[in-house]
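Visitor: model this:
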Amino acid sequence: MKNTKIKVGILGANGYAGAETLRLIASHPFAELCAVTSRAHEGKRVCDVFPALPCPLTFVSADDNALKACDVVFSALPQTAGAAVIGKLIDSNVRVVDLSADYRFDDVSVYERTYGVTHPRPDLNAQAVYGLCEVNRDKIKTARLVANPGCYVTSVLLPMLPLCKAGLADNIIADSKSGASGAGRKSDEAYSFCALDESFKAYGVFTHRHAPEMREKLGKSIIFTPHLLPLKRGILSTVYFDATDAAAAERVLQTAYANEPFVAYSQSLPELSSVAHTNRCVFSARFDGSKGIIVSVIDNLLKGAAGQAVQNMNIMFGLNETAGLPIYAPV
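Guide: Prediction:
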């Protein structure tokens, strides 16, 4: 662990995930916020845009040299918007945690088909480590570039990866519900209070960009349907699957993360309130013969985005993984 504080920069600190990262780093005991960017707020002070954060730094542009003086930069830019900028930072020996999908895929062609772009830095994509902390911890320790997983993906992968690696799950269907912050901070009538209040809807059926990410990481076909809940934050994923050995599958799920601070198996079915405002994933399973159902919950802005990103930083710099991260939900 370094004796001095880690110098941190944040690209795109105005969006929900970027602002949450900003909040976590501002109170992190071993990190110092040194540079923040926002196209919408360039030239303004952080404390004026976010009065709850007493930070006098001024928002700068994404090409500001202050970012290159950082030890690590979090990129919370939209999908496809930050890949080239990240490449320049890596070339300047700055370590990066990317919260977008730009470096998540092992197969660049899958990324290009999913997002409809040509990847500007496939050379770096080959070096990127997928930042699912509990699974890739050893690789993350030495990574220059960490690709933070998607929020829906995290809620599904954490319980399902141990089963798929053991050959215990097939015919997987994931039915996920997210709070509106998962769509990002944007002006769109579909995400307005009047459109969301007292309503509930599916979207992205067979087309959501997280489905290819799940398929690649699980090595299995999966049917995924996301839904939008009329609340701010949280994801609840209900995953249905055929279990080749239900008793073995239950044992794997109960023991896979036994020593992890942020992932837990619950005997009772978890609720969003048990993980809201924390960096935790909690899941439980039920079996009926060869049929299995898992209920998995996370906070989409923390374990599904900013919290996992900071957990990745902690691993990269040899810190305790829990440093600066909330474990307990509000009572």
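Visitor: just give me the longest helix of the chain.
Guide: If you go by DSSP state H, the chain has its longest helix at helix 151-165.
Visitor: okay, buried residues for that helix please.
Guide: 151-164 (16 or more other Cβ atoms under 10 Å). Bear in mind the C-beta positions are built from the backbone N, C-alpha and C, glycine included.
Visitor: now stretch 198-210
Guide: Under 16+ other Cβ under 10 Å, the buried positions of stretch 198-210 are His208, His210.
Visitor: same question, stretch 273-284
Guide: Using 16+ other Cβ under 10 Å as the test for burial, stretch 273-284 gives Ser274, Val275, Ala276, His277, Thr278, Asn279, Arg280, Cys281, Val282, Phe283, Ser284.
Visitor: return the subset of these lying in helices.
Guide: Those of those lying in helices (DSSP H): none at all.
Visitor: reformat those residues as JSON lines; add pLDDT and distance to Phe105.
Guide: Putting those into JSON lines (pLDDT from 0 to 100; distance: Cβ to Cβ, whole Å) gives the following:
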{"residue": "Ser274", "pLDDT": "93", "distance to Phe105": "32"}
{"residue": "Val275", "pLDDT": "97", "distance to Phe105": "27"}
{"residue": "Ala276", "pLDDT": "96", "distance to Phe105": "30"}
{"residue": "His277", "pLDDT": "97", "distance to Phe105": "30"}
{"residue": "Thr278", "pLDDT": "98", "distance to Phe105": "28"}
{"residue": "Asn279", "pLDDT": "98", "distance to Phe105": "24"}
{"residue": "Arg280", "pLDDT": "98", "distance to Phe105": "26"}
{"residue": "Cys281", "pLDDT": "98", "distance to Phe105": "22"}
{"residue": "Val282", "pLDDT": "98", "distance to Phe105": "28"}
{"residue": "Phe283", "pLDDT": "98", "distance to Phe105": "25"}
{"residue": "Ser284", "pLDDT": "98", "distance to Phe105": "30"}
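Visitor: among the residues you listed, which two are most distant?
Guide: Using Cβ to Cβ, the pair of the buried residues of stretch 273-284 lying farthest apart is His277 and Ser284, separated by 20.4 Å.
Visitor: once you drop chain neighbours, what's closest to Asp102?
Guide: Distance criterion Cβ to Cβ, 6 or more residues apart in numbering; nearest residue to Asp102, sequence neighbours excluded, is Ala83 at 4.0 Å.
Visitor: what's the average pLDDT for the helix or strand Asp138 falls within?
Guide: Taking DSSP states H and E as the criterion, Asp138 maps to helix 133-141. Helix 133-141 shows an average pLDDT of 98 in the prediction.
Visitor: check which helices and strands the next helix or strand after it sits against.
Guide: The helix or strand immediately downstream of helix 133-141 is strand 145-147, counting by DSSP H and E. Helices and strands touching strand 145-147, by 3 or more Cβ pairs under 8 Å, 6 or more residues apart in numbering; DSSP states H and E, are strand 95-98, strand 129-130.
Visitor: strands of the stretch 201-331 of the chain, residue ranges please.
Guide: Under the criterion DSSP state E, counting those that start in this stretch, the stretch 201-331 of the chain contains strands at 201-202, 222-228, 235-243, 263-265, 281-288, 291-298.
Visitor: buried residues in the second one, which are they?
Guide: Along strand 222-228, the positions that meet the burial threshold by neighbour count (16+ other Cβ under 10 Å) are Ile222, Phe224, Thr225, Pro226, His227, Leu228.
Visitor: now the angle from that strand to strand 235-243?
Guide: Strand 222-228 runs at 160 degrees relative to strand 235-243, counting by axes from the mean of the first three to the mean of the last three Cα atoms, to 10 degrees.
Visitor: distance from strand 222-228 to the middle of the chain?
Guide: 17 Å (Cα atoms, centre = their mean, to the nearest Å).
Visitor: hmm, who's touching that strand?
Guide: For strand 222-228, the external contacting residues (Cβ atoms under 8 Å, 6 or more residues apart in numbering) are 152, 156, 172-178, 180, 182-183, 196, 200-205, 208, 210-211, 214-215.
Visitor: quick one: strands adjacent to that strand?
Guide: Each strand that pairs with strand 222-228, with its direction, by DSSP bridges: strand 169-178 (parallel), strand 201-202 (antiparallel).
Visitor: what's the answer for the longest one, then?
Guide: Strand 235-243 has these partner strands in its sheet, going by DSSP bridges: strand 169-178 (antiparallel), strand 291-298 (antiparallel).
Visitor: any idea how far the shortest one is from the chain center?
Guide: I take that to be strand 291-298. With Cα atoms, centre = their mean, you get 18 Å for strand 291-298.
Visitor: and that strand, average pLDDT?
Guide: 98.
Visitor: then the first one?
Guide: Averaged across strand 169-178, the pLDDT comes to 97.
Visitor: now that strand: how far from the chain's centre is it?
Guide: 18 Å.
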